[in-house]
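Participant: Turn this into a structure:
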Amino acid sequence: MFDLINGIPVHPLVVHAVVVLLPLTILGTILIAVRPAWRVSYGPLVLAFAVVATALIPVATSSGEALEKHVGEPAYDHAEKGDQMIWFAIPLLVLVAALVFVARRAASAGETGSTLLPTVLAVLAVLAAVAAGVQVYRVGDSGAKAVWYYQVHSSASGGDTDGDAG
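Facilitator: Below you'll find the model as predicted:
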């Protein structure tokens, strides 16, 4: 199902959507966490990015498995790191949703009460965002190496892939 579109693998197409939306979610999460006034205004946008990015991760992993059948298993533990990405995105999604929900509920009720729950959610959301950011980097780095490392190094060394130029 997630194999090819017009002869082009689906995986790089979907991966690029995740690679754009998830970092935007991470940045947006940090911003609404440190600027409580932005939670009501910009929180739904950050939440929407989180929902779409999280929903696309299983599509990326499924399309990656389909791509493996054409090109073989990727190097650098890329598939394993990609499979783990969902476990970083889901907590981020849940924490963003909770942070936005609490902020919108307080705003609609005109509450200026306790800031303990929003503060705790904000701290947890930032931690989840940082962890997701690290994992996005790890997955992307391993994917880039799996695709490009040998091509770049073999052309730089005149086709010699073992590092001995001569």
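
Participant: Just the buried positions in stretch 5-12, please.
Facilitator: By 16 or more other CB atoms under 10 Å, the buried positions in stretch 5-12 come out as 9, 10, 11. The C-beta positions use only the backbone N, C-alpha and C, and glycine is treated the same way.

Participant: Could you save those as TSV and add columns showing distance to residue 145?
Facilitator: Converted to TSV, those look like this (distance: CB to CB, whole Å):
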residue	distance to residue 145
9	18
10	21
11	16
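
Participant: Just the ones of these in helices?
Facilitator: Applying DSSP state H to those, the entries found in helices are 10, 11.

Participant: Show me what the helix-or-strand element of the chain with minimal mean pLDDT is in contact with.
Facilitator: None of the helices or strands of the chain scores lower by mean pLDDT, DSSP states H and E than strand 4-5, at a mean of 79. Strand 4-5 is contacted from outside by 10, 13, 66, using CB atoms under 8 Å, 6 or more residues apart in numbering.

Participant: Let me have the residues you listed in JSON lines, adding pLDDT as columns.
Facilitator: Converted to JSON lines, those look like this (pLDDT from 0 to 100):
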{"residue": "10", "pLDDT": "86"}
{"residue": "13", "pLDDT": "88"}
{"residue": "66", "pLDDT": "82"}
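
Participant: Average pLDDT for the longest helix belonging to the chain, rounded please.
Facilitator: Looking across the chain with DSSP H, the single longest helix is helix 116-156. Helix 116-156 comes out with an average pLDDT of 87.

Participant: Likewise for stretch 16-23?
Facilitator: Computed over stretch 16-23, the average pLDDT equals 95.

Participant: thought residue 67 was touching residue 14?
Facilitator: No: judged on CB atoms under 8 Å, residue 67 makes no contact with residue 14 at a distance of 10.5 Å.

Participant: So which residue is smack in the middle of the protein?
Facilitator: The residue lying closest to the centre of the chain (CA atoms, centre = their mean) is residue 22, at 3.8 Å.

Participant: List the contacts of it.
Facilitator: Contacts for residue 22 were tallied using CB under 8 Å, 6+ apart; they are 49, 53, 89, 132, 136.

Participant: count of neighbours near the first one?
Facilitator: When you say that, I think you mean residue 49. By other CB atoms under 10 Å, the residues close to residue 49 number 22.

Participant: Validate this expectation: it resides in a strand.
Facilitator: No: the assignment for residue 49 is helix, going by DSSP: H, G, I helix; E, B strand; the rest coil, so no strand is present there.

Participant: That one: what's it in contact with?
Facilitator: 21, 22, 24, 25, 28.
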